[in-house]
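Enquirer: got a predicted structure plus its sequence, pasted below:
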Amino acid sequence: MSTYRTLEIASKVHDYSVFFTDDFTGFLAEPDAAEFYLVDANVARLYAEQLAPVFARPHLIIEATEANKSIEGCTRAMYELVEGGFKRGMRLVAIGGGIVQDICCFCATVIYRGVEWRFYPTTLLAQADSCIGSKSSVNMGDYKNLVGSFYPPNDIVLDTAFLTTLAQGDILSGLGEIIKVHLLDSPESMEYMRERYAAARADVRSDAMAELIVSALSIKKRVIEIDEYDRDYRNIMNYGHTFGHAIESLTDYGMPHGQAITIGMDLANDLSWFLGMIDEATYRRMREAIEPNWPSMSLAGLDLEKLFDALKKDKKNTDERVAFILTRGPGQMSRERVALDDAVRGRIAAWFEAYRPAE
């Protein structure tokens, strides 16, 4: 097993490690390991040769769909695990993106009242964001991400080689979350990201991409070690997400998550400017950091009344006001409750009127 860096994460459940490697196959199918693999179907197809040792072990191939990332889907998976010989004391291993991560994490939390699990993240979103933080979220009927747990993997094996087979939209989606954590951390982190963004986007195997992933996880590590269970400080990780989730929903998830968050960050910054929390110069400086990741998808014809309804229904709201993570500048994020009065609605409408997709 070859690693070029290790990141240690402290957790109230159990501490865990991220192993950065140039060859994930060195960790696979350890001779004495009692393991059961959950593998994303697309990853299984693309990496059939490298994953041959996995396919000689007990394994499930999982289609990464929202239907499978559900209570019903996880129940089916656990039936298959038990029927396939999964025993107490064995380790679950997830190879895939966020959906397979959620399924594996949730199953590992509850089957036999908790088992060890390992994660090989294969998308940029998973590598730079979701692989740490302990959370699982699964759907229940029509309710998205309603059920879940805080149960981190015992270790994570991270290899950027997986990124070479991602579509450009998936790369931009992951870069959106990378931009987010650097803006919420500090002005220095924002500039660090800006200096590496172009090179990382151009070559996912570049030093710039590896540096941004390490930096993004290091920033998130500091946040989650303060507030692992998302009760207060960790709320800043939702920067851009209130608007972003609404846009995802109204585009029927046609806009990838991280690019919807890219739009959401700029909307949150514009609202912060409107409310007097930042000046125009600060807004423009943050816009310059965000805009290179702008989506190419048009938002013409977006029903703003449906957008306002979606904002009001966001699960983070506790009263009639909408909870946004707003900013007083890079590294200065706070949760603010904002009434969607006519003035605020007008400002949001003006932003969409001025929006132009990337060419």
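Expert: That came through, no problem.

Enquirer: what sits against Arg337?
Expert: 319, 321-324 (CB atoms under 8 Å, 6 or more residues apart in numbering). The C-beta positions use only the backbone N, C-alpha and C, and glycine is treated the same way.

Enquirer: nope, Val54 is what I meant
Expert: Contacts of Val54 (CB under 8 Å, 6+ apart): 28-29, 37, 39, 93, 95.

Enquirer: need the mean per-residue confidence for stretch 152-164.
Expert: Averaging pLDDT along stretch 152-164 yields 97.

Enquirer: give me the contact list for that stretch.
Expert: For stretch 152-164, contacts defined as CB under 8 Å, 6+ apart pick out 9, 11, 13-14, 16-24, 27, 43, 47, 91, 94, 105, 108, 116-124, 127, 131-134, 171, 204-205, 209-210, 213.

Enquirer: give me the buried subset of these.
Expert: With burial judged by 16 or more other CB atoms under 10 Å, the buried subset of the contacts of stretch 152-164 is 9, 11, 16, 18-21, 24, 27, 43, 47, 91, 94, 105, 108, 116-124, 127, 131-134, 171, 204, 209-210, 213.

Enquirer: just the ones in strands from these, please.
Expert: 9, 16, 18-20, 91, 94, 117-121 (DSSP state E).

Enquirer: list just the nearest of the contacts of Val54 to Arg285.
Expert: For those, the minimum distance to Arg285 (CB to CB) is 39.9 Å, reached by Ile95.

Enquirer: beta-bridge partners for the closest one, please?
Expert: Beta-bridge partners for Ile95, by DSSP bridges, are Val39, Tyr120.

Enquirer: how about the contacts made by it?
Expert: Taking CB under 8 Å, 6+ apart, we find Ile95 in contact with 37-40, 43, 51, 54, 120, 122.

Enquirer: ok, now with 6 Å
Expert: 39, 43, 120 (CB atoms under 6 Å, 6 or more residues apart in numbering).

Enquirer: which residue is the nearest non-sequential neighbour of Thr327?
Expert: Computed as CB to CB, 6 or more residues apart in numbering, the closest residue to Thr327 that is not its neighbour in sequence is Ser272, at 4.8 Å.

Enquirer: which stretches of the protein form strands?
Expert: Using DSSP E, strands in the chain cover 5-9, 16-20, 35-40, 59-62, 91-96, 117-121, 135-140, 143-150, 155-158, 322-327, 333-338.

Enquirer: ok, how many other residues are close to Phe243?
Expert: Counted with other CB atoms under 10 Å, the neighbours of Phe243 add up to 27.

Enquirer: can you pull out the helices in the stretch 51-200 of the chain?
Expert: 52-55, 71-83, 98-110, 124-125, 168-185, 187-202 (DSSP state H, counting those that start in this stretch).

Enquirer: okay, now the domains of the protein?
Expert: 5-165, 168-354 (automatic domain parsing).

Enquirer: first to last residue in the longest one, what's the distance?
Expert: If I follow you right, that is domain 168-354. End-to-end span of domain 168-354 (CA to CA, to the nearest Å): 25 Å.
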